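Visitor: pasting the structure only:
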């Protein structure tokens, strides 16, 4: 707290600080004995930055003890620091020394009330999934789900959480042996084998490129498979689908039982980020991730374009040079990928991100990486690849939230935590998603969408550690069956979004 309101300087050598409440012009500021008193030269919105020292044109601007951009003109102490005076420059590949981060001390495993499948897989929810091979079968899948819900047949099976149609916009019009088809099949196969699906109806058209026979469907889940053409058309396929769900439901009644939290795979996501994200919700989620890893569980960080500029911090935590090299290879792939399409990784911050105080992708990434906590990086996976390692795992996903979470769920994530400052709304059936607000104002305004208010950290009502423990406790409760806000609202039927690569023909 200063005479100008609550401000936060994150590292002693940072050239900027953050105002938590906003500053009017002329507001007096003093950040401690080492900084001379100064005044705000202009209005600075909440969550935005102001210079604590003069920064010369071309000089680096630092926050979190790291470079977040370069001054595009001279910046005076007390001046608002944002897109009008800070620019992006590509990062240099840093020298990385791996293996220097110690694994957390193991903690006696806690338990949650999970669902144990006959083959030993652990689920956090119990859904019927209707998987579609192609967009042409999407309407049939949705009609089947709607009619099952309307029929009342779910009422006889209270341990079944519902039926969800997994539909998408592709499956045909693409190369029959290309990267795009391989990625789609890997994603659909990952959803099909997800333990949160206790039964599956798989629906195709019949003549599509992505044939049902080419999907890796599980042998340990009850499945009904059909094509619209063989069933006799749309109406016949819908009737067959509803009948198939009825048969599956008779096999899906379950009882929850205690299982160790080491069986949890936690997806870490942030969307609609703001200037509070890297200060409150993201580091608190990092604490929760550490608590889970210490108990033998797994946390999965994604969004490769949103670790750009902070990748060296992750690579240094890699357990060995191979893991670090695979992480940096994905960064190189993304540089090339965006360049081929005439873009830049700095195109990533959205208008909402910028309105919330984030100026460059470097700043966004440094805040985003805080979700990963402090434990060693044990593995790097491609999009939708099965997650097999324990500890902190990185998955190569785009920064677009629905696509990123789709990849993590396909890989096996059975709980998701999603931090947001602007107020992203999201759910991801069949996996529960907890929404973490970065600031109290948004939490109050969108309280029916949010599960946890991490703005209490900025309000001085809880420490990052305390908020992290709260998140961890909610993760365990959610995995045990407690509904999230997005589940109560019904989100998750439209959020399946495979990453589409390759030519559409």
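Guide: Looks like it arrived, so ask away. Being a predicted model, the structure only gives us computed values, none of them experimental.

Visitor: Now do stretch 399-409: distance to the chain's middle.
Guide: The chain centre lies 6 Å from the centre of stretch 399-409; the measure is C-alpha atoms, centre = their mean, to the nearest Å.

Visitor: Show me what the helix or strand containing residue 329 packs onto, helices and strands only.
Guide: Here residue 329 sits within helix 321-340, counting by DSSP states H and E. Packed against helix 321-340 by the contact rule (3 or more C-beta pairs under 8 Å, 6 or more residues apart in numbering; DSSP states H and E) you find helix 311-315, strand 377-381. Heads up, the C-betas are built off the backbone N, CA and C, glycines and all.

Visitor: outside of the first one, which residues touch it?
Guide: What it means is helix 311-315. 66, 94, 96, 98, 301, 307, 324, 327-328, 331, 365-366, 369, 372, 377, 394 (C-beta atoms under 8 Å, 6 or more residues apart in numbering).

Visitor: Wasn't residue 137 part of a helix?
Guide: Yes - using DSSP: H, G, I helix; E, B strand; the rest coil, the assignment for residue 137 is a helix.

Visitor: if I look at it, how far off is residue 206?
Guide: The gap separating residue 137 from residue 206 is 9 Å, by C-beta to C-beta, to the nearest Å.

Visitor: Looking at the two now, which is surrounded by more residues?
Guide: Between residue 137 and residue 206, counted using other C-beta atoms under 10 Å, residue 137 has the larger neighbour count: 29 against 16.

Visitor: So the spatially closest residue to that one that is not a sequence neighbour versus residue 156, what's the distance?
Guide: With sequence-adjacent residues excluded and distances taken as C-beta to C-beta, 6 or more residues apart in numbering, residue 137 is closest to residue 203, at 4.3 Å. Distance, residue 203 to residue 156, using C-beta to C-beta: 24 Å.

Visitor: How about residue 64?
Guide: Using C-beta to C-beta, residue 64 is found at 54 Å from residue 156.

Visitor: can you check residue 498 too?
Guide: 33 Å.

Visitor: same thing with residue 29?
Guide: 64 Å.

Visitor: higher neighbour count, those two?
Guide: residue 29 (23 against 11).

Visitor: what helices or strands is the strand or helix carrying residue 202 leaning on?
Guide: Element membership of residue 202, judged by DSSP H and E, is strand 197-204. Applying 3+ C-beta pairs under 8 Å, 6+ apart, one finds that strand 197-204 contacts strand 127-132, helix 138-151, helix 179-192, strand 222-227, helix 234-249.

Visitor: Sheet-wise, list the partners of that strand with their directions.
Guide: Sheet pairing of strand 197-204 (DSSP bridges) gives strand 127-132 (parallel), strand 222-227 (parallel).

Visitor: okay, the ones you listed, which one's buried deepest?
Guide: Among the strands paired with strand 197-204, ranked by average contacts under mean count of other C-beta atoms under 10 Å, first place goes to strand 127-132 (a mean of 27).

Visitor: Now do that strand against helix 179-192, angle only.
Guide: Going by axes from the mean of the first three to the mean of the last three C-alpha atoms, to 10 degrees, strand 127-132 is angled at 160 degrees with respect to helix 179-192.

Visitor: For strand 127-132, which outside residues touch it?
Guide: Under C-beta under 8 Å, 6+ apart, the answer for strand 127-132 is 138, 140-141, 144-145, 148, 160-168, 171, 188, 191-192, 194, 196-204, 215, 241, 245, 248-249, 252, 429-430.

Visitor: Mean confidence (pLDDT) on it, please.
Guide: The average of the pLDDT scores along strand 127-132 is 98.

Visitor: from the chain's centre, how far out does that strand sit?
Guide: Worked out by C-alpha atoms, centre = their mean, strand 127-132 lies 22 Å from the chain centre.

Visitor: okay, now the domains of this structure?
Guide: 1-87, 127-249, 260-489 (automatic domain parsing).

Visitor: What is the end-to-end distance of the second one?
Guide: Pointing back at domain 127-249 there. 10 Å (C-alpha to C-alpha, to the nearest Å).
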